[in-house]
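[1] Need coordinates for the below:
(chains A, B, C and D)
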Protein chains: 2
Amino acid sequence: MANINDIAKRAGVSVSTVSRVLNHHPYVSESKRAAVQRVIDEMDYTPNRLAVDLIRKETRKIGVIMPYNNNQAFDQLLHGVLNRSVELDYTVMVLPTKYDPDREHSCLNMLKNKQLDGIIITSRSNGWEAITPYTKYGTIVACEYTDHPEIGCAYMDRYASYLETFQMLKDKGHTRVAFTTARGEESNSTQLTIKAYQQVFGDLPSEYHIRDCYDMDDGARAAQQLLHLESRPTAVYANGDEVAAGLYQYGKSIELGVPADLAIIGQENQPIGIALRLSTVDHQLVKVGEQAFDLAIEKSKDKVEIPYRIIERYSI
Amino acid sequence: MANINDIAKRAGVSVSTVSRVLNHHPYVSESKRAAVQRVIDEMDYTPNRLAVDLIRKETRKIGVIMPYNNNQAFDQLLHGVLNRSVELDYTVMVLPTKYDPDREHSCLNMLKNKQLDGIIITSRSNGWEAITPYTKYGTIVACEYTDHPEIGCAYMDRYASYLETFQMLKDKGHTRVAFTTARGEESNSTQLTIKAYQQVFGDLPSEYHIRDCYDMDDGARAAQQLLHLESRPTAVYANGDEVAAGLYQYGKSIELGVPADLAIIGQENQPIGIALRLSTVDHQLVKVGEQAFDLAIEKSKDKVEIPYRIIERYSI
DNA sequence: CTGAAAGCGCTAACAT
DNA sequence: ATGTTAGCGCTTTCAG
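    Numbers count the residues shown, from 1 in each chain, chains lettered A, B, ... in the order given. All right, here's what the predicted structure looks like:
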């Protein structure tokens, strides 16, 4: 593969001149510029980006830390990021962590070893105190709110959202309401969900909280557990529309009326929920992803909130 | 940021020794190794990957060319790729092209400029003759079958799949069957769908082929067009379960019986299809993605076929 | 306007 | 076992 020296030699100029035409610098005579360009075309030359990035100390690459790569919510965030990245001519690396703290560290380390200009954290397993040190090496933006002044945030007000949803359920007369979450108390969203629940309903009977829910099967499993309870809940707030769909399916399968016998509300406004006419709260994750990307490339530490909206359909 | 020279100096050894301990080379005395390691830890040093990759001429990065970043089928392929990438400690860059041939070229060019070791093409807008030249710079594997000996393939036999599906529809007594596709004749899958249709049913009435279908709304629109036809089709083969769901919804909305009045079969076995009990043909795209990744890192040019399976549910 | 030369941070032959 | 040194391919002062 030809390099910049070959081009220089063949064009009868110095490498600096070649570099200048490559980077569209002014002060290059038209004749030399043309000569260089001709050789570049002839030899089908492309500058080596590794060398360029090494010396420029910039990569125009952003990483996206995602625990799972098969989860609708994270996919939405990723799509938002990608939307903006193509517009702004950045490239994005997907960094799955499976919520393994060590893996998460290796990903963050890509900032330190110069592979990335910035990282977007869609969800994390490490505490902030373990993460913030990496801001020394590049921009870090989170898709959740945090006080840390070094971290930019594109977030929705999860607590307000959960609160409003539970309150709405209560207003509709539900007193026994359950909910599902992905992870347990180690997760920020789970903590907020519990807190919001308690705020509205008081004590949380532990059997009303079903963990490890990610897809339809988990939703069905949750329904099964919930519906065989002594004090069977009359409404459940699912952590995603797929899980909600699973709940719905199971309810139907045992001839339960929705929403009469069981009210269901999901999250993220996904096709499956639309198809089943399930109510949902849309956290507008695509927008969150887009905003997060913008913050990342602006190296901004702003905290910007994205509004959520509750979409009432048939299931509630 | 400290570099390898700083470490060498501080540890009282040469850079080669530092490099050796960094890369776990043998023939380093335990005492020096320990000394170097201590300094590395003290100074919190991490080697610059750009410099390493530059000299090693290898990046351990794979790119995935995807026309859209909000399409279930491409997401499945991407998930397959990511599954394997974390196991094998590679990192993957997502390269959205929007089917723009120029964008596609820039992506392929990342091979030439050394940013990537290999590229997986999930779908393309350029002809192979425009793509194969890039194999000179790195591995290219496609998620469709092609003869080109320089291109590895992880594919399913689309033609056989389409043929079998149409034949099944015919065997069930359907004579007026329509289908939807994403792009038009410029797309390989569209061509194969048409060919399979003609093989089974003979001439294709142009109104039985609805293009530009990507999501539920498109499916509903397709249903609307199709169901107002003089010779209304009795079955439709959708290019995805979301589109199938849209067809289903529209059918329901005008009180059509499924499958009595309208049989529907989708593709890719997605949650929405499961929820609606829609029949589908599962091309196992996650597996295709996994296989494509393996081919890419093995720099293999093999053609490996992934089997498809027709899943009959209620809608047909 | 142009070129020489000094790096960027690292690896790997080649000596010793 | 360890050090010296020549690059990898590029950008950017600094002179002229």
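
[2] Give me the contact list for stretch A:204-213.
    Outside of stretch A:204-213, the residues within contact range by Cβ atoms under 8 Å, 6 or more residues apart in numbering or on different chains are A:176-184, A:190, A:194, A:197-198, A:218-219, A:221-222, A:225-226, A:229, A:231, A:233, A:238-240, A:243. Every C-beta, even on glycine, is put in place using the N, C-alpha and C of the backbone.

[3] which strands and helices sit next to the longest helix belonging to chain A?
    Secondary structure of chain A per DSSP state H: the longest helix is helix A:72-87. Here helix A:72-87 touches strand A:61-66, strand A:91-96, helix A:285-297, strand B:91-96, going by 3 or more Cβ pairs under 8 Å, 6 or more residues apart in numbering or on different chains; DSSP states H and E.

[4] circling back: now, the contacts of stretch A:204-213 that are in strands?
    A:177, A:178, A:179, A:180 (DSSP state E).

[5] Of those, just say which sits nearest to chain B.
    Taking Cβ to the nearest Cβ as the measure, chain B lies nearest residue A:180 of the ones in strands among the contacts of stretch A:204-213, at 15.6 Å.

[6] Need the nearest residue in space to the closest one, chain neighbours excluded.
    residue A:213 (4.0 Å; Cβ to Cβ, 6 or more residues apart in numbering or on different chains).

[7] Tell me the buried residues in the one helix or strand residue A:35 maps to?
    Applying DSSP states H and E as the criterion places residue A:35 in helix A:30-43. Within helix A:30-43, the residues that count as buried by 16 or more other Cβ atoms under 10 Å in any protein chain shown are A:32, A:33, A:35, A:36, A:39, A:40.

[8] just stretch A:268-282 next, same as before
    Under 16+ other Cβ under 10 Å, the buried positions of stretch A:268-282 are A:268-276, A:278-282.

[9] Stretch A:208-217 too?
    A:208, A:209, A:210, A:213, A:214, A:215, A:216, A:217.

[10] could you give me the average pLDDT of that stretch?
    Mean pLDDT, stretch A:208-217: 96.

[11] Please measure how far the first residue of it sits from its last one.
    18 Å (Cα to Cα, to the nearest Å).

[12] Please state the offset of it from the chain centre?
    When distances are taken as Cα atoms, centre = their mean, to the nearest Å, stretch A:208-217 is centred 20 Å away from the chain's centroid.

[13] got it, and stretch A:174-191?
    Centroid displacement of stretch A:174-191 relative to its chain, using Cα atoms, centre = their mean, is 19 Å.

[14] out of everything not next to it in sequence, what's closest to residue A:112?
    Per Cβ to Cβ, 6+ apart, closest to residue A:112 is residue A:137, 4.4 Å.

[15] my guess is that neighbour meets residue A:111, correct?
    Yes - Residue A:137 is in contact with residue A:111 according to Cβ atoms under 8 Å; the separation is 4.1 Å.

[16] pLDDT (mean, whole number) over the longest helix of chain A?
    Helix A:72-87 comes out at a mean pLDDT of 95.

[17] Need the residues that contact it.
    A:62, A:64, A:66-68, A:91-92, A:94, A:120, A:122-123, A:143, A:240-242, A:267-268, A:270, A:285-294, B:69-70, B:75, B:94, B:96, B:98, B:103.

[18] Next, the buried residues of that helix.
    A:72-86.

[19] and the buried residues of stretch A:268-282 as CSV, adding distance to DNA strand C?
    Converted to CSV, these look like this (distance: Cβ to the nearest atom of the strand, whole Å):
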residue, distance to DNA strand C
A:268, 42
A:269, 46
A:270, 44
A:271, 47
A:272, 48
A:273, 49
A:274, 51
A:275, 52
A:276, 54
A:278, 52
A:279, 54
A:280, 48
A:281, 47
A:282, 45
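
[20] Show me which residues of chain A are close to DNA strand C?
    Counting by Cβ under 7 Å from any atom of the strand, the positions of chain A adjacent to DNA strand C are A:12-17, A:20, A:26-29, A:31-33, A:51, A:54-55.

[21] send the alpha carbons of stretch A:297-306 over as PDB?
    Output of stretch A:297-306 as PDB, limited to C-alpha atoms (Å, rounded to 0.1, in the frame of the first residue of the first chain):
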ATOM      1  CA  ILE A 297     -19.500  15.400  20.600                       C
ATOM      2  CA  GLU A 298     -20.000  18.800  22.000                       C
ATOM      3  CA  LYS A 299     -18.100  17.600  25.000                       C
ATOM      4  CA  SER A 300     -20.900  19.100  27.000                       C
ATOM      5  CA  LYS A 301     -21.600  18.300  30.600                       C
ATOM      6  CA  ASP A 302     -25.200  19.700  30.400                       C
ATOM      7  CA  LYS A 303     -28.100  17.800  31.900                       C
ATOM      8  CA  VAL A 304     -30.900  17.800  29.500                       C
ATOM      9  CA  GLU A 305     -34.200  16.300  30.200                       C
ATOM     10  CA  ILE A 306     -36.400  14.600  27.600                       C
END
